[in-house]
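A.B. asks: Sharing a sequence plus its predicted fold:
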Amino acid sequence: MATRLQPARHNQLVLDCPLPLDSGAAVASPAIAYEAYGRLNDARDNAILICHALTMDQYVASTHPVTGKPGWWAKVVRPGGVIDTDRYHVICANVIGSCMGSSGPASDDPGSGQPYAMRFPVVTIGDMVRAQAMLLDRLGIARLHAVVGGSMGGMQALAWAAHYPDRVDRALIIASAARHSAQNIAFHEVGRQAIMADPNWRGGDYYASGEPPTKGLAVARMAAHITYLSEAGLTEKFGRQLQDREAKTFGFDADFQVESYLRHQGISFVDRFDANSYLYITRAMDYFDLGDPHGGRLADAFRQSPVRFGLVSFDSDWLYPTAESRRIVQALHAAGAQASFVELSSPFGHDAFLLDSPELWRLISGFIEAGR
Amino acid sequence: MTASEPARLRPDLALIAAQVPPGARVLDVGCGDGTLMAALRDGRNADVRGLEIDPANVAAAMERGLAVVQGDANRDLADYPAGGFDYAILSQTLQTTERPDRIVDELLRIAPRAFVSFPNFAHWRVRLALMWGGRMPVTRLLPVAWYETPNIHHVTVSDFRDLLRSRGIGVERAWFLSGDRPASDAAASWRAEHAIFLISRK
């Protein structure tokens, strides 16, 4: 992969059968990269699948091979932790379409030997979950004690419960939704257009050039990052503070701390993420609507589901607001499924689910242990 | 959860818990931190769900592994399908709702039977406070001053019976507590501090 992404080796499994996709297309022999922690017990009933969000990856509890940073949920998933790897076998797989070892637009097309780029088929949340199910088949895990995810990971957890109700005991859905809202699609479109407007994008065929569309991807990340925060959080953190200067410069440098922070977010993102993957994964989220195949009746996706559902929202999250979680709860009630729901208070917006939150952690651990 | 836990239940909750048949599907409206739910789950093997407005209580119940949804009974009971439960429970909450009459209707839409318990506003201490003190009573079961009390619809045993009659709702059984001990039906109107009704559509 001739991008600015440093080549990294990932723990990877290549399936010898095609992955059928919701679009009708298929990925011939898909690679699925994953990380696993803790021992699978002899009964094979202690597996927990963690589904990652849009720009996260399988490095939930291990050092990221590109950034060298600790896993994105290392404080949660650890021996003796909230999700205790001394007791549970925890798996996290890189979603299909991504760029951390699972098949995606940056992977080589076996037909041409060249990167797929935009010739990679469009994938959906359902396709990501189907790929994970095939991975678990291969790993000999028929049933999951729990599937857990925040944001896009929550969409996957919901899709798991809807599509494989007999393989999931519990589904914990944090700061997520059963369908992508018009506002969320709109923000994603801004990000995609920023990437496509970068002359280096070249219709997606930038891998050989050595010049990926980093400017466009950085702008996409900056716009998206704002949606992960809250006005109160931004005000508290940055206010109108100036960046390393006493006075405004009457120019267009990053005078304000918040500008500098966003630019840093954008610049550091391009070192670890592929622009085409960003296009594909945001598209998968936009297409997500679990009620759609049921004429809009979300409850029909969960009719008599045996899965225990837990939902958590954050009061300052305007990207996946509490109303979206409530809509799921209403559908679960109508479907006769068992659901818990709580709205937690946090000033940090959508990002709250990734931050240190003992309140959330106690909920996760209580939910995972329940009925065990 | 130990076997002795149900013994520590509030007397009205213990009474309700003892009446719920094993394996019943129960919705506890205003379930607090899930104390009664846990007793029903562990003692009666009930399939029990809860609705609770206070997020800290919901979190506490979820941490106990209970299925509790954060919501407002005034609004969110409408989300529950008709006949989805065997019993609905509304314990010490009726007097805090915006429209107790509609809540009672909702309970009996969701389940064929409902337990409803409330502090009796015609208890003699309450009567004395009003008659001799000329002030809104502050008692053990109604401990908050009038200006900050969540109890916005005070109700007496007789009022509740009238409401049920006017809506064609039957009383299967009623229990009255005075100082946490049973009180006789005959003098319930003024002796009962606390009333528990098991109601159903006639």
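C.D. replies: Sure thing, it's come through. Residues are numbered from 1 along each chain as shown, chains lettered A, B, ... in the order given.

A.B. asks: Now whatever residue of chain B ends up closest to chain A: closest residue in space that isn't a chain neighbour?
C.D. replies: Here the residue of chain B nearest chain A is B:Gly65; by C-beta to the nearest C-beta that distance is 2.7 Å. Any C-beta I mention is one placed from the backbone N, CA and C, and that applies to glycine too. Nearest residue to B:Gly65 in three dimensions, chain neighbours excluded: A:Ala370, at 2.7 Å (C-beta to C-beta, 6 or more residues apart in numbering or on different chains).

A.B. asks: Let me see the contact set for the one you found.
C.D. replies: By C-beta atoms under 8 Å, 6 or more residues apart in numbering or on different chains, the residues touching A:Ala370 are A:170, A:308, B:64-66.

A.B. asks: would you list the residues you listed in a markdown table and tack on secondary structure and pLDDT?
C.D. replies: Listed next are these as a markdown table, based on DSSP: H, G, I helix; E, B strand; the rest coil; pLDDT from 0 to 100:
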| residue | secondary structure | pLDDT |
| --- | --- | --- |
| A:Arg170 | strand | 97 |
| A:Arg308 | strand | 95 |
| B:Arg64 | coil | 89 |
| B:Gly65 | coil | 88 |
| B:Leu66 | coil | 93 |
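
A.B. asks: what's the farthest-apart pair in the residues you listed?
C.D. replies: Spanning the widest gap among the contacts of A:Ala370 are A:Arg170 and B:Arg64, at 14.9 Å by C-beta to C-beta.

A.B. asks: Please identify which of these two sits among more neighbours.
C.D. replies: A:Arg170 (23 against 18; other C-beta atoms under 10 Å in any protein chain shown).

A.B. asks: That one against A:Leu311, yeah?
C.D. replies: No - counting by C-beta atoms under 8 Å, A:Leu311 is not a contact partner of A:Arg170; they are 11.7 Å apart.

A.B. asks: Tell me which residue is most central in chain B.
C.D. replies: Nearest to the mean C-alpha position of chain B, counting by C-alpha atoms, centre = their mean, stands B:Ser91 at 1.5 Å.

A.B. asks: pLDDT wise, what is the residue lying farthest from the centre of chain B at?
C.D. replies: What lies farthest from the middle of chain B is B:Trp132; by C-alpha atoms, centre = their mean that is 29.5 Å. Predicted confidence (pLDDT) for B:Trp132: 86.

A.B. asks: And for the residue of chain B closest to chain A, the neighbour number?
C.D. replies: By other C-beta under 10 Å, 20 other residues sit near B:Gly65.

A.B. asks: Touching, it and A:Ser365? I think so.
C.D. replies: No - B:Gly65 sits out of contact with A:Ser365 when judged by C-beta under 8 Å, with a separation of 10.1 Å.

A.B. asks: so what secondary structure elements neighbour the longest strand seen in chain B?
C.D. replies: Secondary structure of chain B read by DSSP state E shows that its longest strand is strand B:169-178. Of the remaining helices and strands, those touching strand B:169-178 by 3 or more C-beta pairs under 8 Å, 6 or more residues apart in numbering or on different chains; DSSP states H and E are helix B:11-19, helix B:157-166, helix B:188-191, strand B:194-201.

A.B. asks: same thing but 6 Å
C.D. replies: The contact analysis (3 or more C-beta pairs under 6 Å, 6 or more residues apart in numbering or on different chains; DSSP states H and E) places strand B:169-178 against strand B:194-201.

A.B. asks: Partner strands of the strand it packs on and their direction?
C.D. replies: Strand pairing for strand B:194-201, determined by DSSP bridges: strand B:113-119 (antiparallel), strand B:169-178 (antiparallel).

A.B. asks: hey, which of the ones you listed is tucked in deepest?
C.D. replies: Sort the strands paired with strand B:194-201 by mean neighbour count, taking mean count of other C-beta atoms under 10 Å in any protein chain shown, and strand B:113-119 sits at the top with a mean of 25.

A.B. asks: Could you pull up phi and psi at B:Glu52?
C.D. replies: According to degrees, to the nearest 10, the main-chain angles of B:Glu52 amount to phi -150, psi 140.

A.B. asks: For chain B, what is the nearest residue in the stretch 1-150 of chain A?
C.D. replies: Nearest residue of the stretch 1-150 of chain A to chain B: A:Val82, at 11.6 Å (C-beta to the nearest C-beta).

A.B. asks: quick one, what contacts that residue?
C.D. replies: Applying C-beta atoms under 6 Å, 6 or more residues apart in numbering or on different chains to A:Val82 gives the contacts A:76, A:361, A:364-365.
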